[in-house]
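S.K.: Dropping a prediction and its sequence here:
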Amino acid sequence: MRETLSLLWFELRDEVGSVPWTVYFWMFFAFQYFVYGQLISLLVGQNLPDYYLYYGTGLLIIMTFNVSTWAGRRFVEGAHEGRLRYMLSLPLRRGELFLEQLLLGLSVNLVRVGPPLLMILWITKAPPIMLFTSVLVLLMMSTGVMGIMISLSFVAFKSFDIYSAIVAGMSALLIRFSTILYPLAYLPGAYQSVSLANPLTYGADLLRNALNLDVSYLLAPSTAAVVVASVGISSLAIGMALVPRVLEGVKAS
């Protein structure tokens, strides 16, 4: 475990030290929330009084999803750049390497999404307990997405282009066919059934429940929590089972 933490600290210093990318994430949130969010809330605010906060939480979900997909893509790029072969030469078990990559993604997620979350909590004058529950929900979502993206790495080691196309397609479908930007009740009927099969829908509504938004147009928090936890646990199990075999193939190539 000591070696795992040492590798995590080494990689974390490199990633967190990438100030331009971190600032870009914060600027993206600031523009989307304080400019575009204000404009769109004026359009739909009559039907949804809390839409400005609703939109802000949706941005947090999108940012969490983007950082999680970045973590999976970084894992794949490490194989093509030779970095992964170096890590395979370290005295680490394959499961520990998968865990280290997961912890790296979670840590970077906290650094990049944490300040925007604090900003929303400060604007809404939320109590401190909401910070804990919100971070817990975002980390659960991030774990599930990263586990899926890293588990798909076996595709990338055969064709990086196919992997990129799968990730881009999944990202577009998961974000658009969900309740990230609009409540389920306000979506067209055809979209609602698809959104209910989307784990991001449950994660977004669970975060809004944690922030005490109007629960009349949100899914039941118990159902959302079960779905988000199930996706996270199952993706971890699949990753722990699949990734070590993939890594052996990388080492042998």
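M.R.: Sure, I can see it.
S.K.: where does the stretch 151-253 of the chain dip in pLDDT?
M.R.: For the stretch 151-253 of the chain, applying pLDDT under 70 flags the ranges 153-159, 214-215, 242-253.
S.K.: now the helices for the chain?
M.R.: 2-16, 19-31, 37-44, 51-81, 83-88, 94-123, 128-151, 153-156, 160-176, 189-196, 199-210, 221-252 (DSSP state H).
S.K.: could those be laid out in JSON lines, adding distance to P183 and mean neighbour count?
M.R.: (Glycine included, C-beta is placed from N, CA and C.) Output for these, formatted as JSON lines (distance: least, CB to CB, whole Å; neighbours: other CB atoms under 10 Å):
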{"stretch": "helix 2-16", "distance to P183": "35", "mean neighbour count": "14"}
{"stretch": "helix 19-31", "distance to P183": "21", "mean neighbour count": "13"}
{"stretch": "helix 37-44", "distance to P183": "10", "mean neighbour count": "14"}
{"stretch": "helix 51-81", "distance to P183": "7", "mean neighbour count": "21"}
{"stretch": "helix 83-88", "distance to P183": "42", "mean neighbour count": "15"}
{"stretch": "helix 94-123", "distance to P183": "18", "mean neighbour count": "19"}
{"stretch": "helix 128-151", "distance to P183": "17", "mean neighbour count": "21"}
{"stretch": "helix 153-156", "distance to P183": "34", "mean neighbour count": "20"}
{"stretch": "helix 160-176", "distance to P183": "15", "mean neighbour count": "14"}
{"stretch": "helix 189-196", "distance to P183": "10", "mean neighbour count": "14"}
{"stretch": "helix 199-210", "distance to P183": "9", "mean neighbour count": "26"}
{"stretch": "helix 221-252", "distance to P183": "13", "mean neighbour count": "16"}
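S.K.: possible to save these as a markdown table with distance to Y182?
M.R.: Output for the helices of the chain, formatted as a markdown table (distance: least, CB to CB, whole Å):
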| stretch | distance to Y182 |
| --- | --- |
| helix 2-16 | 33 |
| helix 19-31 | 19 |
| helix 37-44 | 8 |
| helix 51-81 | 8 |
| helix 83-88 | 40 |
| helix 94-123 | 18 |
| helix 128-151 | 18 |
| helix 153-156 | 32 |
| helix 160-176 | 10 |
| helix 189-196 | 9 |
| helix 199-210 | 10 |
| helix 221-252 | 16 |
